[in-house]
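K.L.:
Need the 3D shape of this:
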Amino acid sequence: MQGLTITTGSATPCVHSSLARFSSKTTNVASRFTAKAVQKQSLAAFQPTFHLFSSNVNAPKRQLRAHVFLPHLVASMEEVEQSYIMIKPDGVQRGLVGEIISRFERKGFNLTGLKLFQCPKELAQEHYKDLQSKPFFPKLIDYITSGPVVCMAWKGVGVVASARKLIGATNPLNAEPGTIRGDLAVQTGRNVVHGSDSPDNGKREIALWFKEGELCAWAAVQEPWLVE
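P.N.:
As a prediction, the model looks like this:
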């Protein structure tokens, strides 16, 4: 190892080259550590903080927000509806009453009104008043009044849309297998069953076909196992 040599004959001391190199290396290392420290401190503000199993009440609201499962959110927004379902004269004549009722029962809907009824012409015209301009309207009225019908009021979450799916397309040839019309009917003019097409029409038709006191409000014991 070389020693340190200082010349005193001049005003400016001379430092040996080995000491100068050591000093230079030390300065460079210190500069790199300082730069890294500054960079780390600068980036710390942008790094997310993770709190696993943390219960810090002062944590930002975005960390405390609960995660909602979408199907549960949708289900909580659904309302209990009413639908008027009618087994038409051809369904009664063919002995399909029990078959049709059982499909709605197995689905889990709540039956609140049921009666066998001979429909008068005036009631049929009021029920189908939206079709008065159609050329088949007189034939439709004759058909619906040709024999007894079974009037039903059903209640449940999403009952209107679900009942329409159970019933199937208006034309039985277009109805899917497994639906009432897809399984039990052939022609539109003998499509066995009617179902309300909207919640508003469900209320209107039930009020039209059932008198006051004919509906029964009751709670099914299986309801907690059908809806949350």
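K.L.:
okay, CA-based contacts and neighbour counts for the rest of this
P.N.:
Fine.
K.L.:
residues making contact with whatever helix or strand residue 112 lives in?
P.N.:
Using DSSP states H and E, residue 112 maps to strand 110-117. For strand 110-117, contacts defined as Cα atoms under 8 Å, 6 or more residues apart in numbering pick out 105, 148-156, 210, 214-218, 220.
K.L.:
List the buried residues in it.
P.N.:
By neighbour count with 16 or more other Cα atoms under 10 Å, strand 110-117 contains the buried residues 110-114.
K.L.:
pLDDT for those - can I get that in TSV?
P.N.:
TSV is the format used below for those (pLDDT from 0 to 100):
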residue	pLDDT
110	95
111	97
112	97
113	98
114	98
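K.L.:
ok, which stretches of this structure are strands?
P.N.:
Using DSSP state E, the strands of the chain run over 80-87, 110-117, 149-157, 193-195.
K.L.:
partners of the third one, with directions?
P.N.:
Strand 149-157 has these partner strands in its sheet, going by DSSP bridges: strand 80-87 (antiparallel), strand 110-117 (antiparallel).
K.L.:
Among these, which comes closest to residue 186?
P.N.:
strand 80-87 (15.4 Å; Cα to Cα).
K.L.:
would you put the C-alpha positions of the closest one in CSV?
P.N.:
Presented in CSV, the C-alpha positions along strand 80-87 are these (Å, rounded to 0.1, in the frame of the first residue of the first chain):
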residue,chain,number,x,y,z
VAL,A,80,-93.9,-9.1,-6.4
GLU,A,81,-96.4,-9.0,-9.3
GLN,A,82,-99.8,-10.4,-10.2
SER,A,83,-100.7,-12.2,-13.4
TYR,A,84,-104.1,-13.4,-14.7
ILE,A,85,-103.9,-16.8,-16.2
MET,A,86,-106.9,-18.3,-17.9
ILE,A,87,-107.4,-21.9,-19.2
